[in-house]
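In: coords please:
(2 chains, ligands or ions: 4)
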2 protein chains.
Amino acid sequence: MLGAIEAGGTKFVCAVGKEDGTLIERIQLDTLTPENTIPHVIEFFKKHEIEALGVGSFGPVDIDKNSATYGNITSTPKPGWKDYPFLQTLKDALHVPMEFNTDVNAAALGEVMLGAAQDVDSCLYITVGTGIGAGAVVQGELLQGLSHPEMGHILVRRHADDQYEGFCPYHGDCLEGMAAGPAIEKRWGKKGVELQDEQRVWELESYYLAQALMQFILIVSPKKIIMGGGVMKQKQLFPLIQGKVQELLNGYVAVPQILGNIDQYIVPPGLGDDAGITGALMLAKRALEN
Amino acid sequence: MLGAIEAGGTKFVCAVGKEDGTLIERIQLDTLTPENTIPHVIEFFKKHEIEALGVGSFGPVDIDKNSATYGNITSTPKPGWKDYPFLQTLKDALHVPMEFNTDVNAAALGEVMLGAAQDVDSCLYITVGTGIGAGAVVQGELLQGLSHPEMGHILVRRHADDQYEGFCPYHGDCLEGMAAGPAIEKRWGKKGVELQDEQRVWELESYYLAQALMQFILIVSPKKIIMGGGVMKQKQLFPLIQGKVQELLNGYVAVPQILGNIDQYIVPPGLGDDAGITGALMLAKRALEN
Ligand SMILES: Nc1ncnc2c1ncn2[C@@H]1O[C@H](COP(=O)(O)OP(=O)(O)O)[C@@H](O)[C@H]1O
Ligand SMILES: Nc1ncnc2c1ncn2[C@@H]1O[C@H](COP(=O)(O)OP(=O)(O)O)[C@@H](O)[C@H]1O
Ligand SMILES: [Zn+2]
Ligand SMILES: [Zn+2]
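Out: Ligands and ions are numbered 1, 2, ... in the order given. Below is the predicted model of the structure:
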């Protein structure tokens, strides 16, 4: 049996499952302080006698295996989590092989191994929710370098008619500041789900998200782009984004995936809301193999 | 003996050298039509009895080894080169193992193996010249996906005081359109080299280049960024870019390489103008090993 954790900023999902990605049992916990949440996590996995554990965590996290603080949450404002030795705490309690990465890198891995990107060896997964984050698998490997990607904070060009200042505490009007769920709510005075029929809301939203995808395509050239998270439940966003990406690139990247069937290139997660937890299970599989 | 080609849009460099990167002999040719240029290339390598050849080429090129048109130049406006079977022509003439990639991916490889990024396993190489292009090595592998990266064409935010429309035929005011050598010349009416003492020229240039570097850092998180090409001969650009990258990120990527010694993170090529040809030689070494 393999264990998997999808540690999000608002909720924790813990699951056990099989190497083929089947999820057998799961629990969901609110993300309180580590002292409140982690004991329940450990208890769950002790009960199930797992052989390996995969963790996809909210960030920023230290994912450098050569670092003294590998597996720590680093600079979050979330009470109790700053510098928390997440992986070490789990290791001390569970004594099984573990792989640790970001929640979005895990989701990208899940989608490449068992989801919408099974036919290719590279994909980018972006979630548009309370924040915006993205991860990628490149030629079979999770993308990382100096640190993990922080694609949610890239620059976008402001729309001429948009007066909203953006809510990112670091950058104001970066992508996340302009296009994550809270930006929609602050700009229009209502939650995204209540704005479903307001065409101009999704026009503007797709204006920013298409810019982000253009940058991703030009910089990492993913073989598929998967868009998940609460905001992407608004399915009318897909054709808007697809069309705007084609307009922005203007024929420059001359491949059939973009010039032709872009509706098969920019897609929702094949695993639906289980991309992250399934990806974490695939991290556990990797831990067992190494 | 190994062979190397750096095929640029204005000139071809052909060289022979050793596995340790030593260049023994080289020739330089103008990039005319393939019929005019390629015979001289082949003649040079026949004379030297090479065991393997590495090619770093101007693009766009097809670098997908599973593609029927692998090794072709694809959609260039350059007379005679569109759809030219570059690699196949060389193979038919020389019958040695070959590796083929973009000129900037080759330069990134050269810098990781023998240049300014020898201490790390990942780097991004950007050239700012007649055009802007970038390549990257990620965890030891050349970055590629759907195609090779086309980082020169990413979006940037226009400076409020800048009226120049940009010269990119596809996107107008993308990064290349606003910041490559010809943009400087068209905006200010003089070549970059003659504008050396014009502070505002380099302020504006660094404004655009710093934005590009911010996007690269957030999206691929390279362990070092190497900036080459004619425009980067203006060494005063380095501190300007370094400072602006720190301002733009505003502490968000909290690693010592960026918060602290950014002058060792954003650097000129360790191999100088030989990054590309040395990288092509390293491609030849890889061809021999595979
Ligand atoms: N159906 C929906 N339509 C539009 N926005 C939604 C929808 N569901 C959730 N959201 C928005 O997405 C954000 C929550 O994102 P979600 O991915 O569900 O969680 P989190 O990012 O916290 O893990 C909120 O800002 C919420 O308003
Ligand atoms: N010393 C310099 N200072 C500023 N700009 C320069 C300098 N040298 C070359 N350039 C500009 O760089 C461009 C040529 O780039 P270069 O990298 O030399 O060649 P290419 O990109 O064609 O391979 C031209 O636009 C030229 O004006
Ligand atoms: Zn931000
Ligand atoms: Zn362009």
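In: Can you tell me the element the residue in the stretch 1-150 of chain A that ligand 4 sits nearest to falls in?
Out: Here the stretch 1-150 of chain A gets closest to ligand 4 at one residue, residue A:124, 20.7 Å apart by Cβ to the ion. Bear in mind the C-beta positions are built from the backbone N, C-alpha and C, glycine included. Residue A:124 is part of strand A:123-128, with elements assigned from DSSP states H and E.
In: Look up the closest residue to the residue of the stretch 1-150 of chain A closest to ligand 4, ignoring the ones flanking it.
Out: Excluding its sequence neighbours, the residue lying closest to residue A:124 (Cβ to Cβ, 6 or more residues apart in numbering or on different chains) is residue A:222, at 3.9 Å.
In: backbone phi and psi for that neighbour, please?
Out: phi -70, psi 150 (degrees, to the nearest 10).
In: wouldn't it be in contact with residue A:126 here?
Out: No - with contact defined as Cβ atoms under 8 Å, residue A:222 does not count as touching residue A:126 (10.0 Å).
In: intersection of neighbour lists for those two?
Out: Applying Cβ atoms under 8 Å, 6 or more residues apart in numbering or on different chains, one finds that residue A:222 and residue A:126 are jointly contacted by residue A:216.
In: if we can go back for a sec, just give me the neighbour total for the residue of the stretch 1-150 of chain A closest to ligand 4.
Out: By the measure other Cβ atoms under 10 Å in any protein chain shown, the count of residues near residue A:124 is 31.
In: next one: residue A:150
Out: Neighbour tally, residue A:150, other Cβ under 10 Å: 23.
In: Just the local confidence number for it, please.
Out: On the pLDDT scale, residue A:150 is placed at 96.
In: How about it, nearest residue that isn't a chain neighbour?
Out: Nearest non-adjacent residue to residue A:150, counting by Cβ to Cβ, 6+ apart: residue B:218, 4.8 Å away.
In: which stretch of helix or strand covers the one you found?
Out: In the assignment (DSSP H and E), residue B:218 maps to helix B:199-220.
In: Restrict the helix or strand following that helix to CA atoms and write it as CSV.
Out: Remark: after helix B:199-220, the chain's next helix or strand is strand B:225-228, criterion DSSP H and E. Output of strand B:225-228 as CSV, limited to C-alpha atoms (Å, rounded to 0.1, in the frame of the first residue of the first chain):
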residue,chain,number,x,y,z
ILE,B,225,21.6,33.0,-16.1
ILE,B,226,24.2,33.8,-18.7
MET,B,227,23.8,36.8,-21.0
GLY,B,228,25.7,37.0,-24.3
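In: List the contacts of whichever helix or strand comes after strand B:225-228.
Out: Once strand B:225-228 ends, the next helix or strand along the chain (criterion: DSSP H and E) is helix B:237-249. Contacting residues not belonging to helix B:237-249 are listed as A:155, A:170-171, B:202-203, B:205-207, B:209-211, B:213-214, B:217-218, B:227, B:231-232, B:258-259, B:262-263, B:265-268 [Cβ under 8 Å, 6+ apart].
In: wait, does helix B:237-249 contact ligand 3?
Out: No - applying Cβ under 5 Å from the ion, one finds helix B:237-249 out of contact with ligand 3, separated by at least 9.1 Å.
In: and that helix with helix B:199-220, angle?
Out: Relative orientation of helix B:237-249 versus helix B:199-220 (axes from the mean of the first three to the mean of the last three Cα atoms, to 10 degrees): 50 degrees.
In: Show me what counts as buried in helix B:237-249.
Out: Buried residues in helix B:237-249, counting neighbours by 16 or more other Cβ atoms under 10 Å in any protein chain shown, are found at B:237, B:238, B:240, B:241, B:242, B:244, B:245, B:246, B:248, B:249.
In: related to what we said a few turns ago, run through the residues that contact the residue of the stretch 1-150 of chain A closest to ligand 4.
Out: Contacts for residue A:124 (Cβ under 8 Å, 6+ apart) come out as A:108, A:134, A:135, A:136, A:216, A:220, A:222, A:224, A:225, A:226.
In: contacts with ligand 2 among these, please.
Out: Taking Cβ under 6 Å from any ligand atom as the test, ligand 2 is in contact with none of the contacts of residue A:124.
In: Quick check: ChimeraX command selecting the buried ones in these.
Out: Applying 16+ other Cβ under 10 Å to the contacts of residue A:124, the buried members can be selected in ChimeraX as follows:
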select /A:108,134,135,136,216,220,222,224,225,226
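In: Just want the most central residue of chain A.
Out: residue A:104 (2.7 Å; Cα atoms, centre = their mean).
In: so it sits in a helix?
Out: Yes - assessed with DSSP: H, G, I helix; E, B strand; the rest coil, residue A:104 lies in a helix.
In: what's the distance between it and residue A:132?
Out: Per Cβ to Cβ, to the nearest Å, residue A:104 is found 9 Å from residue A:132.
In: Show me how chain A divides into domains.
Out: Following the TED database, one gets these domains for chain A: A:2-103+A:273-289, A:116-267.
In: Compute the first-to-last residue distance for the last one.
Out: Going back to what we said before, that points to domain A:116-267. Distance across domain A:116-267, first residue to last, is 8 Å (Cα to Cα, to the nearest Å).
In: That one: how far from the chain's middle?
Out: On the basis of Cα atoms, centre = their mean, to the nearest Å, domain A:116-267 is displaced by 12 Å from the centre of the chain it belongs to.
In: same thing with the shortest one?
Out: Between the mean C-alpha point of domain A:2-103+A:273-289 and the mean C-alpha point of its chain there is a distance of 14 Å (Cα atoms, centre = their mean).
In: check whether it contacts ligand 3.
Out: No - Domain A:2-103+A:273-289 does not reach ligand 3 (Cβ under 5 Å from the ion); its nearest approach is 12.3 Å.
In: Residue A:130 contacts residue A:184, doesn't it?
Out: No - with contact defined as Cβ under 8 Å, residue A:130 does not reach residue A:184; the gap is 11.1 Å.
In: Comparing those two, which residue is more hemmed in?
Out: For residue A:130 versus residue A:184, the count of surrounding residues by other Cβ under 10 Å is larger for residue A:184: 25 against 17.
In: hang on, that one packs against residue A:192?
Out: Yes - using Cβ under 8 Å, residue A:184 is in contact with residue A:192, at 4.6 Å.
In: residues shared between the contacts of those two?
Out: Counting by Cβ under 8 Å, 6+ apart, the residues touching both residue A:184 and residue A:192 are A:201, A:231.
In: any idea how far the residue nearest to residue A:150 lies from ligand 3?
Out: 9 Å (Cβ to the ion, to the nearest Å).
In: all strands of chain A, in order?
Out: Counting by DSSP state E, chain A has these strands, from start to end: A:2-7, A:11-17, A:23-30, A:52-57, A:98-102, A:123-128, A:132-138, A:141-142, A:225-228, A:266-267.
In: re earlier: shared neighbours of residue A:104 and residue A:132, anything?
Out: Joint contacts of residue A:104 and residue A:132 (Cβ under 8 Å, 6+ apart) are residue A:126.
In: mind putting the strands of chain A in JSON lines, mean pLDDT included?
Out: Compiled in JSON lines, the strands of chain A are given as follows (pLDDT from 0 to 100):
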{"stretch": "strand A:2-7", "mean pLDDT": "98"}
{"stretch": "strand A:11-17", "mean pLDDT": "97"}
{"stretch": "strand A:23-30", "mean pLDDT": "98"}
{"stretch": "strand A:52-57", "mean pLDDT": "98"}
{"stretch": "strand A:98-102", "mean pLDDT": "98"}
{"stretch": "strand A:123-128", "mean pLDDT": "98"}
{"stretch": "strand A:132-138", "mean pLDDT": "97"}
{"stretch": "strand A:141-142", "mean pLDDT": "95"}
{"stretch": "strand A:225-228", "mean pLDDT": "98"}
{"stretch": "strand A:266-267", "mean pLDDT": "98"}
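In: Relative to ligand 1, which of those strands is closest?
Out: Closest approach to ligand 1 among the strands of chain A is made by strand A:123-128 (6.0 Å; Cβ to the nearest ligand atom).
In: Now do the closest one and helix A:199-220, the angle between them.
Out: 150 degrees.
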